[in-house]
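Colleague: here's a sequence, model it:
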Amino acid sequence: MTVALMWEARAVAGRGEDLLAWARAQELPREPQRRETLRAPQDRVLVITWWDAPYDAELPELPEPDGELVTRAVHRWRFESLGLG
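Modeller: Below you'll find the model as predicted:
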């Protein structure tokens, strides 16, 4: 089974590049199958990691950034892959 973990944060106005650099610099204790970093308007950063693991497995996640970098707590979601199509 493939599980995707999504991590999304919104930077303080004007600090989107700082948040993006912070997220890219975060190392996980083990490597996922895939890791992708995205950004969106309003200085949002999204990191998705894919794992070959059961849905309820304990998996490493990115931490919360420094409170002076973000406007709110990080949002996190977990999804089970249903395949392509």
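
Colleague: pairing partners for the host helix or strand of residue 39, with directions?
Modeller: Using DSSP states H and E, residue 39 falls within strand 34-40. Take DSSP bridges as the rule and strand 34-40 pairs in its sheet with strand 44-52 (antiparallel).

Colleague: for the strand it pairs with, which outside residues touch it?
Modeller: 1-11, 16, 19-20, 23, 28, 32-40, 57, 59, 61-62, 81 (Cβ atoms under 8 Å, 6 or more residues apart in numbering). No exception for glycine: its C-beta is placed from N, CA and C like everyone else's.

Colleague: whichever helix or strand comes after it packs against which elements?
Modeller: For strand 44-52, the succeeding helix or strand toward the C-terminus, using DSSP H and E, is strand 75-80. Strand 75-80 sits against strand 2-10, with contacts defined as 3 or more Cβ pairs under 8 Å, 6 or more residues apart in numbering; DSSP states H and E.

Colleague: would you mark the buried spots in the helix or strand just after the strand it packs on?
Modeller: Next along the chain after strand 2-10, taking DSSP H and E as the criterion, comes helix 16-25. Buried residues in helix 16-25, counted by 16 or more other Cβ atoms under 10 Å: 16, 18, 19, 20, 22, 23.

Colleague: quick check, pLDDT for residue 20.
Modeller: Residue 20 is assigned 97 on the pLDDT scale.

Colleague: any low-confidence regions in this protein?
Modeller: 85 (pLDDT under 70).
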